Structures are given as C-alpha cells and as structure tokens.
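Student: Pasting a predicted model and its sequence here:
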Amino acid sequence: MKVKHIASAVLVAAFAVACGGPKTAPVEEMTLKDAVGDKFLIGTALNVNQVAGRDTNATNIVKTQFSAIVPENCMKMEEVQPEEGKFTFEDADAFVKFGEENGLTMTGHCLIWHSQCPEWFCVDKNGKNVTPEVLKQRMKTHITTVVQHFKGKLKGWDVVNEAIIEDGSYRKSKFYEILGEEFIPLAFQYAHEADSTIELYYNDYGMDNPGRRDGVVKLIRSLKEKGLRIDAVGMQGHMGMDYPKIEDFEKSMLAFANEGVKVMITEWDMSALPTASRTANISDTVAFKKALNPYPDALPDSVSQAWNARMKQFFDLFEKHADIVDRVTAWGVTDGDSWKNGFPIRGRKDYPLLFDRDYQPKAWVKEVIEEAKNAETPSAE
Ligand code: XIL
C-alpha cells in the first residue's frame, strides 16, 4: 500500500464547515486538485511564459487546480547545457521558485534524451562520435551537475526518456550507438550517486504497445538486477480519439506496477483532430489541409462530447488504479499552450488539454469536480 499525499483539503473544509469552523475551502469552491484529493498528484507542464509570470490567467489555474508541475522544456539538455561546461539554469530556477512559492510538487524532465540534446553532446569537434569513455564522462558531468543543482527541490527526475521502440528493442540513438544498452543503467547510476534521495523514473510514449511494454518491463528488471533503483515508470499520455485502446493502456499500467514500480501518467493530452502522420505534407492540397485541420474556429459539440467522454474514461481508469498511480500530469495548461497545435504537423488548431483557450475547465473536468462535491455534501433529509 503506498503512502498517500497530504489529506484532502476538501475533507478539512467539510470538517470545518460541519463544525462551524473557518470556511477555508468551501465545498462550493472545490477545484480539480481538491476533487482528486489524495488519490494521486494532479499536475501540469509549465512553459517559460508561465514560469516568467507573463500568463497570469494560466498561473492562477495552476495555483488553484493542480498539485504538481513539470517543466515543459526548460530543464532539457539543450536548455541547461547548450555548450559543453556552460550551464544555464535561469528559466529552470524560475520554475522551481514558482513551485516553491505555491507549494507544488516538482518533477525534473529530463536528464538523458536523444531529442533536444545539444549537438555537441555525442560528437567531437569534427562531428565524429566520441568514444564511450568521453560520452560516459559527459553524461556523468551533466547528470551530476543538474541533479545536484536542484537537490532538495524536486521529488524525482525523468532520468531517461524515450529509449525503447515498439518492437521492444533499443532506439538507435547516439547514446545507444556509442554505449549500447549500458547508457541507461549508467544514467540511473549517475543520478543516484548525485542525490540518493531523489526518485528516478523511466519515461516513454506509446506505452500501450505490447512490444514496448515488454521492452520496458525487461529494462526495469535489468536495472534491478544490477542493483540500481528505479522508482516509477512515466507513461506519456499523448493520446488521440482512436488511440490508445484503454485496455492496452491499462495492461501496461498493471505490467509496470507488477515489477514493483509506481506508475505516472505523464504528458497527458488528447488530440481532438484526425490522427496525422508526421510525414504528412500539409501543403499538399487545400482539401487535404482542411481534412487535417477541420476545426480552425471551434470544436463542434459532437466532437467535444466524444472527446470529453474519452478523457473521462481515462481519468476513471487512473482513479480505478489509484493504488499504483502516483501522479497524473497534463502536458500544458490550456489548449492554446499545447505543442499539439504544431505536432506532428504544423499549423493546426487542436483542443487537447484540460482547460480551453478562455482558461475555462473542460466539461469532463467540471464533471469530476461536481462528482466530488456531491460526495462531500451531506444529503439533506
Ligand atoms: C515537447 C514540448 O511540448 C515542445 O514545446 C517542444 O518543442 C518539443 O518537446 N515527449 C516528451 C516531451 O518527453 O518533452 C515533449 O515536449 C513531447 C514528447
């Protein structure tokens, strides 16, 4: 049985109301984090505009609705060490300050990833791959410096991101090319050595896929066999209207938990647009463009209803498995912030997050809050 987070503000408020005490958080004012209570942390990614205080509508949502934050970009390798030995922590420090001021649980994202990795990291001055020894040293310096910089501030780190592909084998990244499978245990070892109290996570997308699921299970086992610590698996929740299947996602949640790690739903968003491949050429034809970007003005009610229903189904799944789920994190605050407007193809208008462009909660979020209010309000008889 896992230790749950601090007692729900709702219960405290309900008790205070019942006792005629101070109404610190009245049931009528419940927010998403109150509704989730101590089941799991409910988080969001923050962009640098929000961190710098340039989007106070969004930061007000973060302060009231969420209990956890993760930096969308500002702790990534190319952001914190753009040149060898030149560490830049301004944005990341501002992120931490915001989290501390608002009592939010913070996670670091991410230490080793093939993407948003500065070009210099794996090659020498001539662009040739560095030797295994040099890469190990660079990884060690990066991980040690970054983890120690934030020591005592964060709950955990995504140590390695997106290293296993759909057939369960390793992604053929530069890290793999130079160090082979060893780069993952090394990253976990360096992170642990830098801070033995920080939680260590492996994070990946498409985790519903059976091949990747098996690959990640094998990875957890091999880390443990080597005597290394892995505290949780982060399942990126980049979803669409037609993927993943809930049963497949659930199977993976259970498979990871079965290996003795916690499960985190990280990077949650659900595109409301037709699923498009990254290679689609949006300049093809006007008709094609329209088909891929069908809601440039607003989401039609029927699509919105289907989207809300599907988000609620996933949320219900996370609640059903609250005993193994430690955190659920949305990948952005409002639809306008979402990376999905530009990915996998640019120039679309998507509606994937928990709050809309007017900073209003989506219908399913309101429903979750209403359900919690009803559960807390003593029925009048
Ligand atoms: C994305 C950010 O949202 C974008 O702003 C950035 O341009 C690219 O990266 N998997 C991850 C995240 O682990 O870090 C990615 O975030 C989305 C996919």
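Tutor: Great, that's in hand.
Student: got the contact list for residue 32?
Tutor: 42, 65-66, 354, 361, 365, 368-369 (C-beta atoms under 8 Å, 6 or more residues apart in numbering). C-betas here are computed from N, CA, C, even on glycine.
Student: how about 7 Å then?
Tutor: 42, 65-66, 365, 368-369 (C-beta atoms under 7 Å, 6 or more residues apart in numbering).
Student: do the same with residue 91
Tutor: Here residue 91 is in contact with 48, 51, 74, 79 (criterion: C-beta under 7 Å, 6+ apart).
Student: what helix or strand is it on?
Tutor: helix 90-101 (DSSP states H and E).
Student: Mind checking if that helix is in reach of the ligand?
Tutor: No: taking C-beta under 6 Å from any ligand atom as the criterion, helix 90-101 and the ligand are apart, separated by no less than 12.8 Å.
Student: Backbone dihedrals for residue 123, please?
Tutor: Dihedral angles of residue 123 (phi, psi; degrees, to the nearest 10) stand at phi -130, psi 160.
Student: Alongside the ligand, which residues does the stretch 201-350 of the chain contribute?
Tutor: 236, 267, 339.
Student: who's in contact with the residue of the chain found nearest the ligand?
Tutor: Relative to the ligand, the nearest point of the chain is residue 339 (3.4 Å; C-beta to the nearest ligand atom). Residue 339 sits next to residue 331 when contact means C-beta under 7 Å, 6+ apart.
Student: rerun that using 10 Å as the cut-off
Tutor: 45, 47, 72-73, 238, 267, 269, 331-332, 350, 352 (C-beta atoms under 10 Å, 6 or more residues apart in numbering).
Student: Just the ones of the residues you listed in strands?
Tutor: 45, 238, 267, 269 (DSSP state E).
Student: Could you pull out the helices in the stretch 51-200 of the chain for me?
Tutor: Assigned by DSSP state H, counting those that start in this stretch, the stretch 51-200 of the chain shows helices spanning 56-65, 77-80, 90-101, 132-149, 174-179, 183-194.
Student: Report the two of the contacts of residue 339 separated the most.
Tutor: 73 and 350 (18.2 Å; C-beta to C-beta).
Student: The two: which is more packed in?
Tutor: residue 350 (21 against 16; other C-beta atoms under 10 Å).
Student: excluding its backbone neighbours, what's nearest that one?
Tutor: residue 340 (4.2 Å; C-beta to C-beta, 6 or more residues apart in numbering).
Student: what about that neighbour, neighbour count?
Tutor: With other C-beta under 10 Å as criterion, residue 340 counts 23.
Student: ditto for the one 3 residues further on
Tutor: A total of 14 residues lie near residue 343 under the criterion other C-beta under 10 Å.
Student: Same question for residue 323.
Tutor: 14.
Student: Check residue 144 too.
Tutor: 15.
Student: In contact with it, which residues are there?
Tutor: Residue 144 neighbours (C-beta under 10 Å, 6+ apart): 190-191, 193-195.
Student: Next one: it from residue 234, what distance?
Tutor: Counting by C-beta to C-beta, to the nearest Å, the gap from residue 144 to residue 234 is 22 Å.
Student: How about residue 45?
Tutor: Taking C-beta to C-beta, one finds residue 45 at 12 Å from residue 234.
Student: hang on, the earlier thing: what is the orientation angle of the helix holding residue 91 with helix 56-65?
Tutor: 40 degrees (axes from the mean of the first three to the mean of the last three C-alpha atoms, to 10 degrees).
Student: Dump helix 90-101 to PDB, keeping only the CA atoms.
Tutor: Backbone C-alpha positions of helix 90-101 (Å, rounded to 0.1, in the frame of the first residue of the first chain) are rendered in PDB as follows:
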ATOM      1  CA  GLU A  90      17.800  30.800 -15.200                       C
ATOM      2  CA  ASP A  91      14.500  29.500 -16.500                       C
ATOM      3  CA  ALA A  92      14.700  26.300 -14.600                       C
ATOM      4  CA  ASP A  93      15.400  28.200 -11.400                       C
ATOM      5  CA  ALA A  94      12.400  30.400 -12.000                       C
ATOM      6  CA  PHE A  95      10.300  27.300 -12.500                       C
ATOM      7  CA  VAL A  96      11.500  26.000  -9.100                       C
ATOM      8  CA  LYS A  97      10.800  29.300  -7.400                       C
ATOM      9  CA  PHE A  98       7.200  29.300  -8.700                       C
ATOM     10  CA  GLY A  99       6.800  25.800  -7.500                       C
ATOM     11  CA  GLU A 100       8.200  26.500  -4.000                       C
ATOM     12  CA  GLU A 101       6.100  29.700  -3.600                       C
END
